[in-house]
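In: need coordinates for the below:
(3 chains)
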Amino acid sequence: MYRETQIIETDNIAAAGADAAGAALVINVGPQHPATHGVLHLVITLEGETIKKIEPHLGYIHRSIEKMCESLSYRQFIYVTSRMDYLSAHINNHACALCIEKGLQLEIPGRAQVIRVLMDELTRIASHELWWGAMAMDLGAFTPFFYAFRERESINDIMEETCGARLTMNYMVPGGVMYDLHPNFQKRVKSFIQLFNSKIDEYDDLVTGNIIFQNRTKGVGVLSREDAISFGCTGPVGRASGVTCDIRKLYPYEVYDKVDFDEIIETAGDSYARYQVRLKELRQSVRIIEQLIDNIPEGDFQAKTKAVLKLPKGEFYSRVETARGEMGVYIVSEGGTTPYRIKFRSPGFSNLSALDHMSRGSKIGDLMAIMGTLDLVIPDIDR
Amino acid sequence: MLSLETITNSIQQWLYSTFNPTMALILECVIVMLLVIGLFAVLGLVLVLMERKVAARMQIRLGPNRVGPKGILQTAADTLKLMMKEGLTPNGADKFLFNLAPFMVMIAAMLILAPIAFAKGFQIWDINIGVLYVSAVSSMSVIGILMAGWASNNKYSLLGAMRSGAQIVSYELSAGLSIISIVVLTGSLQISAIIHSQQSGWWLFRGHIPAMIAFVIFIIAVTAETNRAPFDLAEAESELTAGFHTEYSGMKFALFFLAEYINIFIVCAIGATLFLGGWMPLHIGNWEGFNHIMDKIPSSLWFLGKTFLLIFLIMWFRWTFPRLRVDQLLSLEWKYLLPISMFNLLLITLIAIMGWHF
Amino acid sequence: MFLKEYILNIYRAVASLLKGMKTTGRYFLRPREIITQQYPDNRAQMKLPERFRGEVVMSHDENNEHACTGCTACELACPNGTIKIITKFDVTPEGKKKKALDTFVYHLELCTMCNLCVEACPTSAIKMAQTFEHSVYDRSRLLKKLNQPGSKLRAGVE
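Out: Numbering: from 1, shown residues only, chains lettered A, B, ... in the order given. From the prediction side, this is the model:
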């Protein structure tokens, strides 16, 4: 531990020395900083207000989730993944469930598939709502945060009623979902959609159209298509740079190939494009929910599974589209009741790696606009 | 009729009849000093509470509602807490300047209070260059902020202070130019003369559109000068944690906080004086009855009403807009506000010379 | 031409700012849109959905009987070692020894409310309660014994 700190410090001095012979200013943004939304530590080399170099230091919230999963059974480890990207907990659980089902070659009942997609999209809306509020707050506007939370709250209520928890639901189990939908579910989702449609224009009035906001985000943190691909940026960050990377379209899972929705692609690659992608995705998610909410097939909500799950010997990989990008689960099985090795491919990590490239040469104020639109969830990066 | 003017006059007469003139003057100074400090304390409490309530209403929240009825004692409790807190001076800070800075900011705020007319005949010092004095002294607060930022020995503080320096120096220009446009219309720098010139109507309306433009520019410039959002780059919570007062705690932090709100009050008071007629009641043309009713309302209420209206406007800005970036802040001033206000000043001079105002 | 663009820019900027102010101003004038719930005051009206997972409890009927056979399925299902089942041997009237529940130990401080134990229970002996105010001053008070003293297995539950 001590040795590591030493290395980091000499690194910084070297970095500072490389730029303008000691004229550079090295500041630590984080691990406790209002704009990093968690314990992310950025060592920023500045020249005046201009960013010369950003070095993210990770590990402040490393809980070795991958290692923990190796000692848990296939049923048990799913709940741990809710703690990675806690804003898309459903979707993380979904990815793990898909991977296990792939190994077991389980057929999922149609009802469970639709319920899963509905929950995923509700989670995506909730996550994007929170992002929208937090992003506006990063840029200095405090009020949007509360408006976003008003809508998010009604999603949380739906989750609480059907899944039993508000944030870490653990609703997806191998073979389907844990319980059937609550009788009120359809009614409440419909009233949420009504609320959402009546309030979404406010978002544009308050933030999108605002001249200050546009000046703060347009042309800031440009990520070209090539760079987005080479950094492995996925999700709204990749799509804002023109990369077609929506897993729901490319490798459809569950019923995504049966619903009608658009993959939002912007080409500018700047913060404003990323903002636009997410805001338009909100409407697309609502579109998916509207198509499915009245067409939930009858049937079982869970396939019959054995009490103790054993995956056959081999390697299994599944990928889903979380609110932040592509989430992959890779399981190596030795045929036992616990996975031999688990690896998660988290979207936040790859998106963070592009931060240095995107923000060189911009101002400190821009850094907040860039980080805000990257939509980083630190436990997702560190795991 | 009992008014503030009669009270002050009778106190003055009593003082001068009881003591010798020097003693009376000293006593007057002491009374004024106590009044100013009392006003500061009350204003600080009221404005902070008002800000929190306004913010809460805009953010569909309730705001403070636990301490006292409807939460009106919340800020008093906060002040008590800040007084009990340890005032920490960080290692490596320039201790003298670090401890001096909050008082510099505070003193600058107190000094501007002198020429402001709170009501008819209720003014500390009716100096004949009142407006000039105000704009000269108001630029002093930047010294305190720079001092705080540099002495803290913190990089965030330093960045915040540097931003603040660039910002206040730039926005002084357009604030000054919009003040000058009223001086041009009035022909006097004396605050009382400016107020009296608005007997028949406020300059905001009498000066046609150029006066309104000057008013808008004035509001923008003073929002920037008081480091309020959307121009709060010196504090920039999400960028620089707390900017120049990152390292301050306890009562020293409270002084910065108080000075911010006092500055808002002062700039809004000046705005109300210059553009909205200070304590002058609202008069509309020849509506004798209406004007008569308006005269019945005490002049101090008029002044406070107008000032708080402007304060509300500035709070409304804060809770609606995102923050500007530092280069955009400067380009807004130098590319938009300054050229416009210069051109506007020309128009106003033309109006004043031709006597087109009514 | 340049001047026209300049003035148009200013007009658009001011219009967009006023639009935003209209939104916040509207909320300022409509206090009934306030969404704050004053939590400790509204305890009486607060109704949590029946599926809400607050803590694991064991339901006992009026005869102080529960449905737990001490099979340890929940203990095996729990990812965190939250549950510890201590069993004893009861002697049935026929004179046979039978495994039965002695103590159901539940560590609330370790529980993540994942619901796996409730799902695993073959006799529906445990369920999730809707309580959520779990903070205590001493950690040992979070260690709970779920079966009530003197309780026994309901007849007919295997």
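In: quick one: name the residues of the stretch 251-358 of chain B near chain C.
Out: Applying C-beta under 8 Å from any C-beta of the partner chain, we find that the stretch 251-358 of chain B lies next to chain C at B:316-317, B:319-321, B:336, B:340. For the C-beta atoms, the positions are set from N, CA and C on the backbone; glycine is no exception.
In: same for chain A: which of the residues you listed are within range?
Out: When contact is defined as C-beta under 8 Å from any C-beta, those meet chain A at B:319-321.
In: can you add pLDDT and distance to residue B:258 and give the residues you listed back as CSV?
Out: Shown next, in CSV, are those (pLDDT from 0 to 100; distance: C-beta to C-beta, whole Å):
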residue, pLDDT, distance to residue B:258
B:319, 88, 20
B:320, 87, 24
B:321, 87, 24
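In: got a ChimeraX select line for the buried ones in the residues you listed?
Out: In ChimeraX, a selection of the buried entries from those looks like this (16 or more other C-beta atoms under 10 Å in any protein chain shown):
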select /B:319,320,321
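In: give me the pLDDT value at residue 23.
Out: With no chain named, the answer covers chain A. pLDDT, residue A:23: 66.
In: hmm, I had chain C in mind actually
Out: What the model reports for residue C:23 is a pLDDT of 85.
In: the longest helix seen in chain C vs chain B: in contact?
Out: Assignment by DSSP state H gives helix C:2-29 as the longest helix of chain C. Yes: judged by C-beta under 8 Å from any C-beta, helix C:2-29 and chain B are in contact via C:10, C:17, C:20-21, C:23-25, C:27-28.
In: contacts only, for residue A:218.
Out: Residues near residue A:218 by C-beta atoms under 8 Å, 6 or more residues apart in numbering or on different chains: A:270-272.
In: ok, residue B:129 touching residue B:189?
Out: Yes: using C-beta atoms under 8 Å, residue B:129 is in contact with residue B:189, at 4.7 Å.
In: okay, these two: which has more neighbours?
Out: residue B:189 (19 against 13; other C-beta atoms under 10 Å in any protein chain shown).
In: residues contacting that one?
Out: Neighbouring residues of residue B:189 by C-beta under 8 Å, 6+ apart: B:128-132, B:183.
In: and if we set it to 6 Å?
Out: For residue B:189, the contact set (C-beta atoms under 6 Å, 6 or more residues apart in numbering or on different chains) comprises B:129, B:131-132, B:183.
In: what about the very next helix or strand once past the longest helix of chain C, average pLDDT?
Out: On the C-terminal side of helix C:2-29, the nearest following helix or strand under DSSP states H and E is strand C:55-58. Strand C:55-58 comes out with an average pLDDT of 88.
In: how about stretch B:95-102?
Out: 86.
In: up against chain B, what does chain C have?
Out: Within chain C, the positions adjacent to chain B are C:20-21, C:24, C:27-28, C:33-36 by C-beta under 6 Å from any C-beta of the partner chain.
In: to clarify, my last question referred to the stretch 201-350 of chain A.
Out: Counting by C-beta under 6 Å from any C-beta, the stretch 201-350 of chain A sits next to chain B at A:212-213, A:215-216.
In: which of the residues you listed count as buried?
Out: Buried members of those, counted by 16+ other C-beta under 10 Å: A:212-213, A:215-216.
In: tell me which two of those sit farthest apart.
Out: Of all pairs drawn from these, the one with the longest distance (C-beta to C-beta) is A:213 and A:215, at 7.4 Å.
In: now do the phi/psi pair for residue A:270.
Out: When read as degrees, to the nearest 10, the backbone of residue A:270 gives phi -100, psi -180.
In: please name the residues that touch it.
Out: Residues in contact with residue A:270 (C-beta under 6 Å, 6+ apart) are A:219-220, A:222.
In: can you tell me which of those residues is nearest chain B?
Out: residue A:220 (8.7 Å; C-beta to the nearest C-beta).
In: doesn't residue A:271 make contact with that closest one?
Out: Yes: counting by C-beta atoms under 6 Å, residue A:220 does reach residue A:271; the two are 4.6 Å apart.
In: give me the common contacts of those two.
Out: In contact with both residue A:220 and residue A:271: residue A:369, using C-beta under 6 Å, 6+ apart.
In: dump the buried ones among the residues of the stretch 201-350 of chain A next to chain B to JSON lines, plus pLDDT and secondary structure.
Out: Output for these, formatted as JSON lines (pLDDT from 0 to 100; DSSP: H, G, I helix; E, B strand; the rest coil):
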{"residue": "A:212", "pLDDT": "87", "secondary structure": "helix"}
{"residue": "A:213", "pLDDT": "88", "secondary structure": "helix"}
{"residue": "A:215", "pLDDT": "87", "secondary structure": "helix"}
{"residue": "A:216", "pLDDT": "87", "secondary structure": "helix"}
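In: next, format these as a markdown table and append distance to chain C.
Out: Converted to a markdown table, those look like this (distance: C-beta to the nearest C-beta, whole Å):
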| residue | distance to chain C |
| --- | --- |
| A:212 | 8 |
| A:213 | 9 |
| A:215 | 9 |
| A:216 | 13 |
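In: buried residues in stretch A:322-339?
Out: By 16+ other C-beta under 10 Å, the buried positions in stretch A:322-339 come out as A:322-333, A:338-339.
In: just name the closest of these to chain C, please.
Out: Comparing the buried residues of stretch A:322-339 against chain C with C-beta to the nearest C-beta places residue A:338 closest, at 11.2 Å.
In: what sits closest to the closest one if chain neighbours are left out?
Out: residue A:73 (5.7 Å; C-beta to C-beta, 6 or more residues apart in numbering or on different chains).
In: okay, now that neighbour: neighbour count?
Out: 19.
In: does it touch residue A:339 like I think?
Out: No: counting by C-beta under 6 Å, residue A:73 stays clear of residue A:339, with 8.9 Å between them.
In: neighbouring strands - and their directions - for the least confident helix or strand in chain C by mean pLDDT?
Out: Least confident helix or strand of chain C, by mean pLDDT, DSSP states H and E, is strand C:152-153 with a mean of 78. Partners of strand C:152-153 in the sheet, by DSSP bridges, are strand C:65-66 (parallel).
In: tell me the helix or strand right after the strand it pairs with.
Out: helix C:73-77.
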